[in-house]
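Got a predicted structure here, sequence first:
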Number of protein chains: 2
Amino acid sequence: MSEPKPEGRVARRQRRNRAALIRSARDVMAEKGVDAATMLEIAERADVGAGTVYNYFGSKDELAVAVLETLMHELAVRIEKVTDTFEDPAQVYAFGIRRVLDTATTDPRWEQMLHRSEVIADAIFRTMGPFAIRDLRLASTANRFRVSNPELVWRMTTHTIIGASLAITKGEVPAAAKNQIVARMLCMTGLDLDAASELAARPLPDLPSYIEGE
Amino acid sequence: MSEPKPEGRVARRQRRNRAALIRSARDVMAEKGVDAATMLEIAERADVGAGTVYNYFGSKDELAVAVLETLMHELAVRIEKVTDTFEDPAQVYAFGIRRVLDTATTDPRWEQMLHRSEVIADAIFRTMGPFAIRDLRLASTANRFRVSNPELVWRMTTHTIIGASLAITKGEVPAAAKNQIVARMLCMTGLDLDAASELAARPLPDLPSYIEGE
DNA sequence: TTCTAAAAATGAACGTTCGTCAACTTTGAA
DNA sequence: TTCAAAGTTGACGAACGTTCATTTTTAGAA
């Protein structure tokens, strides 16, 4: 281990390049969609040669996943800031779901990504899973939910969120149905329909904006 | 309308070509996956020129959707044959879901398609929707389910099915969890967890094999 | 500061792909 | 038999992700 070594120019440039590439890819993919975004344009916007991208990401897909994870981590942090003042553990989980659904259907950067459902669902599962699964556990021990296998319920919920977001984005389902959607998703936690509907209809506090560096 | 005209050679050849293309595409895509299947190989296996494919299907994606719809229609017909003897309308819906989940995780032709989650979920929604939505309605009027918006519940369920199938296929969730998965999906119909679990655990009659021509 | 070997960046070139198109063949009514 | 319309064909263009030989930059030793 040679950790204490001072950060050299290489390391600094690599961090800058990596960040610039993710930022560039995030923008291009949000504008044109993942498929229409070309590696060349992404590289150019990041002020980097076409081949350099492959020193940082093994493939276009890997880059797309990195972009997704960035977006989701930011959202998870913002949600966390609000929910850690909540009393009811079930409400913490419900709030998270509602905000993810809202963001996915509102933020144009997410919308373009929705078409890679399986990739995005997996990214949500991994990135936001630690928060969601913890909340599911807490609410279960508090006897609000009845979840024996939180990983499973969370995985099913991520796919449902993406599916619902897609349907709303495509106009197949009105955005006004969001509360209904959330209620049905909450039913998967063992809550009965009435309790779930009530939980999904509670007032929704605003999210704080994201501040770089945790 | 010139319906009564006897079917000419053109029409006959077109039907043959179209069917051959779908069959060919179904095989190649099942073997190599949707992306790895090239339009050239599909055309060759159907004994047709490379350009001809585009007279029948506007794009590779359109062809993939046609393949999916064929598979799903066959499955829907097979399910229908069993369930129209059931007494409990809730069980009809539950059986359908269970069988779709089973097929998606077992049939190699489905497995390869799972990676286009959003396309396949949409195809399930449209192709099997008429059956599923009807069953949801029947079970609701019988007071077994509580579903005010069956289209919405069905749409959410399709995405959940695909997500769960993907997870099982990738080995992230054991196949033994299928009953749990189905139970949680049934919760979305307003059923409480215990009733849903019971319904998901009932003995599962076999499916008849598919017989060409309804 | 100067030198050097290793690490990183570069962008032209490569191999594939989808989808198009002008030439060709088949069809069936007159 | 004739011939315009409909259908088929495979070579082709354009565009993409990825590779790799070459050049540039770096960190540390002399």
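Ah, there it is.

and the helix or strand of chain A with the lowest mean pLDDT with chain B, contact?
Every helix and strand of chain A was ranked by mean pLDDT, DSSP states H and E. The lowest is helix A:108-111, at a mean of 90. No: for helix A:108-111, no contact with chain B is found by CB under 8 Å from any CB of the partner chain; the gap never falls below 12.6 Å. From N, CA and C alone the C-beta is placed, and that goes for glycine too.

following that helix, which helix or strand shows up next?
Once the chain leaves helix A:108-111, the next helix or strand it forms, by DSSP states H and E, is helix A:117-141.

Which strands and helices lie in contact with the helix or strand that comes right after that next one?
Tracing the chain past helix A:117-141, the next element assigned as helix or strand by DSSP H and E is helix A:150-169. Counting by 3 or more CB pairs under 8 Å, 6 or more residues apart in numbering or on different chains; DSSP states H and E, the packing neighbours recorded for helix A:150-169 are helix A:89-106, helix A:117-141, helix A:178-187, helix B:117-141, helix B:150-169, helix B:178-187.

Any idea which of those gets closest to A:G58?
The closest of the helices and strands packed on helix A:150-169 to A:G58 is helix A:117-141. By CB to CB, the value is 14.7 Å.

that older thread, kindly reformat the helices and strands packed on helix A:150-169 as a markdown table containing mean neighbour count and mean pLDDT.
Conversion of the helices and strands packed on helix A:150-169 to a markdown table gives the following (neighbours: other CB atoms under 10 Å in any protein chain shown; pLDDT from 0 to 100):
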| stretch | mean neighbour count | mean pLDDT |
| --- | --- | --- |
| helix A:89-106 | 22 | 97 |
| helix A:117-141 | 21 | 96 |
| helix A:178-187 | 24 | 98 |
| helix B:117-141 | 20 | 96 |
| helix B:150-169 | 25 | 98 |
| helix B:178-187 | 24 | 98 |
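
of all the ones you listed, which lies closest to B:T85?
Closest approach to B:T85 among those is made by helix B:117-141 (13.9 Å; CB to CB).

Residues of chain A that sit close to chain B?
So chain A meets chain B at A:114-118, A:121, A:146, A:148-149, A:151-153, A:155-156, A:158-160, A:162-164, A:166-167, A:172-173, A:177, A:180-181, A:184-185, A:187-188, A:190, A:192-193 (CB under 8 Å from any CB).

For stretch A:198-208, give me every contacting residue.
By CB atoms under 8 Å, 6 or more residues apart in numbering or on different chains, the surrounding residues in contact with stretch A:198-208 are A:78-79, A:81-82, A:90-91, A:94-95, A:98-99, A:179-180, A:182-183, A:186, A:191.

which one of the residues you listed is nearest A:G129?
Sorting the contacts of stretch A:198-208 by distance to A:G129 puts A:I79 at the head of the list, at 13.2 Å, by CB to CB.

Does that closest one touch A:I97 like I think?
No: under the criterion of CB atoms under 8 Å, A:I79 lies out of contact with A:I97, with a separation of 9.7 Å.

what's the closest non-adjacent residue to the spatially most central residue of chain A?
If you average the C-alpha coordinates of chain A and look for the closest C-alpha using CA atoms, centre = their mean, you land on A:M72, 3.1 Å from that point. What sits nearest to A:M72 in space, not counting adjacent residues and going by CB to CB, 6 or more residues apart in numbering or on different chains, is A:T127, at 4.1 Å.

just A:R137 next, same as before
According to CB to CB, 6+ apart, the nearest residue to A:R137 is A:P150 (5.7 Å).

just the residues of chain A that are near DNA strand D, which are they?
Contact residues, chain A versus DNA strand D (CB under 7 Å from any atom of the strand): A:5, A:8-11, A:13, A:36-40, A:50-51, A:54, A:59-61.

list the helices and strands the helix or strand in which the residue nearest to the centre of chain A is found packs on?
Secondary structure assigned from DSSP H and E places A:M72 in helix A:60-83. For helix A:60-83, the packing partners by 3+ CB pairs under 8 Å, 6+ apart come out as helix A:9-32, helix A:89-106, helix A:117-141.

Pull that helix out as CSV, backbone CA atoms only.
Included here for helix A:60-83 are C-alpha records, laid out as CSV according to Å, rounded to 0.1, in the frame of the first residue of the first chain:
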residue,chain,number,x,y,z
LYS,A,60,-20.4,2.4,-24.3
ASP,A,61,-22.8,0.5,-22.0
GLU,A,62,-20.4,0.7,-19.1
LEU,A,63,-20.3,4.5,-19.6
ALA,A,64,-24.1,4.7,-19.7
VAL,A,65,-24.3,2.7,-16.4
ALA,A,66,-21.8,5.1,-14.8
VAL,A,67,-24.0,8.0,-15.9
LEU,A,68,-27.1,6.4,-14.4
GLU,A,69,-25.4,5.7,-11.1
THR,A,70,-24.3,9.3,-10.8
LEU,A,71,-27.9,10.5,-11.3
MET,A,72,-29.3,8.0,-8.9
HIS,A,73,-26.8,8.6,-6.2
GLU,A,74,-27.5,12.3,-6.3
LEU,A,75,-31.2,11.6,-5.9
ALA,A,76,-30.7,9.1,-3.1
VAL,A,77,-28.7,11.7,-1.2
ARG,A,78,-31.4,14.3,-1.7
ILE,A,79,-34.1,12.0,-0.5
GLU,A,80,-32.1,10.9,2.5
LYS,A,81,-31.8,14.5,3.6
VAL,A,82,-35.6,14.9,3.9
THR,A,83,-36.6,11.5,5.2
